[in-house]
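> With the input below, show me the fold.
(chains A, B, C and D)
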Number of protein chains: 2
Amino acid sequence: MLDVARRSGVSLGTVSNVLHSTAPVSEATRLRVLAAIEELGYRQNEVARSLKRRSTRTLGVVIPDALNPFHATVALQVERRAHRDGFAVLVAETENDPATESAQVRALVGRRVDGVIFPAVTAGSTIPSELLDRGVPVVVVSFEGADPRLGVIAVDEYAAMEQVVEHLTGLGHERIAFAHSGAHEESVDRRPDALAAALRRRGLQPVPHDDGATAVCCTNDVIAMALMDRLERNGRRVPEAVSVVGFDDIPLASHRRIDLTTVRQPAEEMGLLAAEMALSAIAAGEHAARSVVMPAELVARGSTGLAPRDG
Amino acid sequence: MLDVARRSGVSLGTVSNVLHSTAPVSEATRLRVLAAIEELGYRQNEVARSLKRRSTRTLGVVIPDALNPFHATVALQVERRAHRDGFAVLVAETENDPATESAQVRALVGRRVDGVIFPAVTAGSTIPSELLDRGVPVVVVSFEGADPRLGVIAVDEYAAMEQVVEHLTGLGHERIAFAHSGAHEESVDRRPDALAAALRRRGLQPVPHDDGATAVCCTNDVIAMALMDRLERNGRRVPEAVSVVGFDDIPLASHRRIDLTTVRQPAEEMGLLAAEMALSAIAAGEHAARSVVMPAELVARGSTGLAPRDG
DNA sequence: GCGATCGGTTGAAACGTTTCAACCCCAACG
DNA sequence: CGTTGGGGTTGAAACGTTTCAACCGATCGC
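Numbering: from 1, shown residues only, chains lettered A, B, ... in the order given. A predicted model of the protein is given here:
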């Protein structure tokens, strides 16, 4: 930038002015400066800018698992929206490990991101408030946070599970189980609770998975598809022997060969909204502090069918 | 940091020394400084560090489409590996649009990333050399670049297609087509050429897609699965009426309901290697300038079968 | 014709680090 | 006992920007 200034015979201040039109500059010098920039192949140093401005125009996205299409979609939308506003996106994977999560968050804080979005938070994490206390706006997706400063985008999982249970009982199912995400990744979401609540309303109880359940609700579509695969490899056909329900409605769920009954979450809208909440909070210099619930509805497909007759 | 220095009664230099053990510090003051850091909740400002150090410890990853599991896997591995070395990852989506790609790359340059990885490059892009000229190491995956300064990780697509054609001809197929990725996203990869070459070796020619082809090779698994879906919705069963071959071997390809014959690329190893090439180039202050070819092999599954009898 | 105003421009001070020459003190060495 | 050397510490310059008070003419209104 100094080179540019020298080359065009003006001061740094003027160069800065032509770059950001923060003050009027005569057309003549403007052109001279622009020419110098061109010739020198000068490109602004965002790092210095960030330091001075005390804002990096960068969003952090903290994902447990980028291979889950729901998370990936949210992240993708965030990136797109952020890009439109000239923000960059730093992604951090947590691999469902709280220690990694906090390390990643610390790294983001160190890098002075202007806002952070969690497409999902790991169990009982205190991370968000760690950020909030530092004045960084945070938006979490699909998670009801305690902290009022948090921006929250959720779907009404109770209503959704209500639909699921209605659908399943309508098909004659009474032994309904919930399948968690494989193993260790105890997520805080309310889905199992929501399912249990909906069942109880009809005088039913969730049964332990694999204990003669005729229908299994999964925590997400990826799990559901894996379960479907596992069941069928063991000779238990879906939906003839067992019905399977997913959650998310990822694109593949509607593939003819998969044809998964699931609860549709508007992932794209959620990602977009998350980005917008974060960006506008940043612009306003406030916390996101808003809670939105998005619609979620059952999409009945071929992975659910009539309950097999007892005995 | 100044606060920390004052609070512990030492100079900035000493605090810096304590932080990076760049010079010996007496145990007593070290403890005092650490205590002050703790009490003040001080966290280093990476932005200032980057400015001074002239290196951001950040990698850029430029992806056409994060929803493609192959790209996502590469990106994920890059992020993991980078994180291990204390690097952060800035992701940029190009949506297969050259203009977006170059805008994103410009943004990365502005943000002074230390290296850039392209899990795939859009058609005839001159982007990499734009970066290389600025001294930024670049690693591209699955793309044979002209520039010797480029780090390249590729698979031998000719050998792979050889296997594919052998497999298909073994099943009696003679009318074999190639399916591009939907539409506009003309990627530079050599796959169609590789297929054509393998066919010619056997005195065959690729036929235009949908022109009575009995087997279709797709540019990747996502396309293959979409094709499979489309075919079957039109009543053409796979593999009875048409055989379908993918490329990548994404996790879902092995799902029992999908069971896609495909060419396996070691996505994880490729991502890891890409990160390591970039990181070590950065550490050495050189360009990646290395070319590695990874093994790729056919995984025959149920989406390919005997060619239907003519007429 | 005089002060106020305004378009255009400058210079220097910050932003929060790292780095390095320089300094001080004391132990060891010849 | 004077020098050397090294552990420990300091101060200031630099990194590449933005910002802002201040300055300079010229035009304007009265």
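> Now for A:Thr126, how many residues are close by?
Counted by other CB atoms under 10 Å in any protein chain shown, the residues lying close to A:Thr126 total 10. Using the backbone N, CA and C atoms, a C-beta is placed for each residue, glycine as well.
> What is the burial count for the closest residue to A:Arg236 other than its chain neighbours?
Leaving out its chain neighbours, the residue that sits closest to A:Arg236 by CB to CB, 6 or more residues apart in numbering or on different chains is A:Val242, at 5.6 Å. By the measure other CB under 10 Å, the count of residues near A:Val242 is 25.
> same check, this time on the one 5 residues further on
Residues within reach of A:Phe247, counting by other CB under 10 Å, total 29.
> what does A:Leu67 give?
By other CB under 10 Å, neighbour count at A:Leu67 equals 17.
> do A:Gly110 as well
So A:Gly110, with other CB under 10 Å, has 16 neighbours.
> Correct me if wrong: it contacts B:Glu46.
Yes - between A:Gly110 and B:Glu46 there is a contact under CB atoms under 8 Å: 4.5 Å.
> Tell me how far the residue nearest to A:Arg236 lies from A:Thr219.
Separation of A:Val242 from A:Thr219 (CB to CB, to the nearest Å) stands at 16 Å.
> cool, A:Arg43 as well?
Separation of A:Arg43 from A:Thr219 (CB to CB): 46 Å.
> next one: A:Ala267
Counting by CB to CB, the separation of A:Ala267 from A:Thr219 is 15 Å.
> quick one: which of these two has more around it?
Each of A:Ala267 and A:Thr219 has its neighbours counted (other CB under 10 Å); A:Ala267 has more, 25 against 21.
> I figured the more buried one hits A:Phe247, correct?
No - the criterion here is CB under 8 Å, and A:Ala267 misses it with A:Phe247 at 11.3 Å.
> Assign A:Leu298 to helix, strand or coil.
Under the three-state scheme (DSSP: H, G, I helix; E, B strand; the rest coil), A:Leu298 adopts strand.
> mind checking pLDDT for it?
Note for A:Leu298: predicted pLDDT of 98.
> That one reaches A:Leu260, doesn't it?
No - using CB under 8 Å, A:Leu298 makes no contact with A:Leu260, being 11.6 Å away.
> neighbour count winner among those two?
Using other CB under 10 Å, the more surrounded residue of A:Leu298 and A:Leu260 is A:Leu260, with 27 against 22.
> ok, now which ones touch the more buried one?
Contact analysis of A:Leu260 by CB atoms under 8 Å, 6 or more residues apart in numbering or on different chains lists A:221, A:224-225, A:228, A:244-246, A:253-254, A:301-303.
> Which helix or which strand is home to whichever residue of chain A sits closest to DNA strand C?
Per CB to the nearest atom of the strand, the residue of chain A with the smallest distance to DNA strand C is A:Gly13, at 2.7 Å. Element membership for A:Gly13, per DSSP states H and E: helix A:12-20.
> most distant residue from the middle of chain A?
Of all residues in chain A, A:Gly9 has its C-alpha farthest from the mean position, at 49.3 Å, by CA atoms, centre = their mean.
> Please name the nearest non-neighbouring residue to it.
Nearest one to A:Gly9, counting by CB to CB, 6+ apart, is A:Arg32 at 7.3 Å.
> what bridges to A:Asp248?
A:Arg264 (DSSP bridges).
> Get me the contact residues on the stretch 51-200 of chain A for DNA strand D.
Counting by CB under 7 Å from any atom of the strand, the stretch 51-200 of chain A comes close to DNA strand D at A:51-53.
> Among the residues you listed, which ones are in helices?
Among these, the subset assigned to helices under DSSP state H consists of A:51-53.
> so which of those is the most crowded?
Most neighbours among these, by other CB under 10 Å: A:Leu51, with 19 neighbours.
> which ones are touching it?
A:Leu51 touches B:45, B:47-48, B:51, counting by CB under 8 Å, 6+ apart.
> and the closest residue to it other than its chain neighbours, how many neighbours?
If the residues on either side of it in the chain are set aside, A:Leu51 comes closest to B:Val47, at 4.9 Å by CB to CB, 6+ apart. B:Val47 has 24 neighbouring residues, counting by other CB under 10 Å.
> still on that earlier bit, mind exporting the C-alpha coordinates of the helix holding A:Gly13 to CSV?
C-alpha atoms of helix A:12-20 as CSV (Å, rounded to 0.1, in the frame of the first residue of the first chain):
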residue,chain,number,x,y,z
LEU,A,12,-1.4,6.4,2.5
GLY,A,13,-4.5,8.1,3.7
THR,A,14,-5.5,9.0,0.2
VAL,A,15,-5.0,5.5,-1.0
SER,A,16,-7.2,4.2,1.7
ASN,A,17,-9.8,6.8,0.7
VAL,A,18,-9.9,5.7,-2.9
LEU,A,19,-10.1,2.1,-1.7
HIS,A,20,-13.0,2.6,0.5
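> what's the spacing between it and its chain's center?
Put simply, helix A:12-20 sits 38 Å off its chain's centre (CA atoms, centre = their mean, to the nearest Å).
> and what of stretch A:72-92?
Counting by CA atoms, centre = their mean, stretch A:72-92 comes out at 11 Å from the chain centroid.
> got the buried residues for it?
Residues of stretch A:72-92 classed as buried: A:72-83, A:87-92 (neighbour count, 16 or more other CB atoms under 10 Å in any protein chain shown).
> Run through the residues you listed and flag the ones next to chain B.
A:72-73, A:75-76, A:79-80, A:83, A:88-92 (CB under 8 Å from any CB of the partner chain).
> Of the residues you listed, just say which sits nearest to DNA strand D.
Ranked by distance to DNA strand D (CB to the nearest atom of the strand), these are led by A:Ala88 at 15.6 Å.
> Check whether A:Arg81 really touches A:Leu272, as I assumed.
Yes - counting by CB under 8 Å, A:Arg81 does reach A:Leu272; the two are 5.5 Å apart.
> Could you check the helix holding A:Gly13 and say which residues are buried?
Neighbour-count burial for helix A:12-20 [16+ other CB under 10 Å]: A:14-19.
> helices or strands up against that helix?
helix A:2-8, helix A:27-40 (3 or more CB pairs under 8 Å, 6 or more residues apart in numbering or on different chains; DSSP states H and E).
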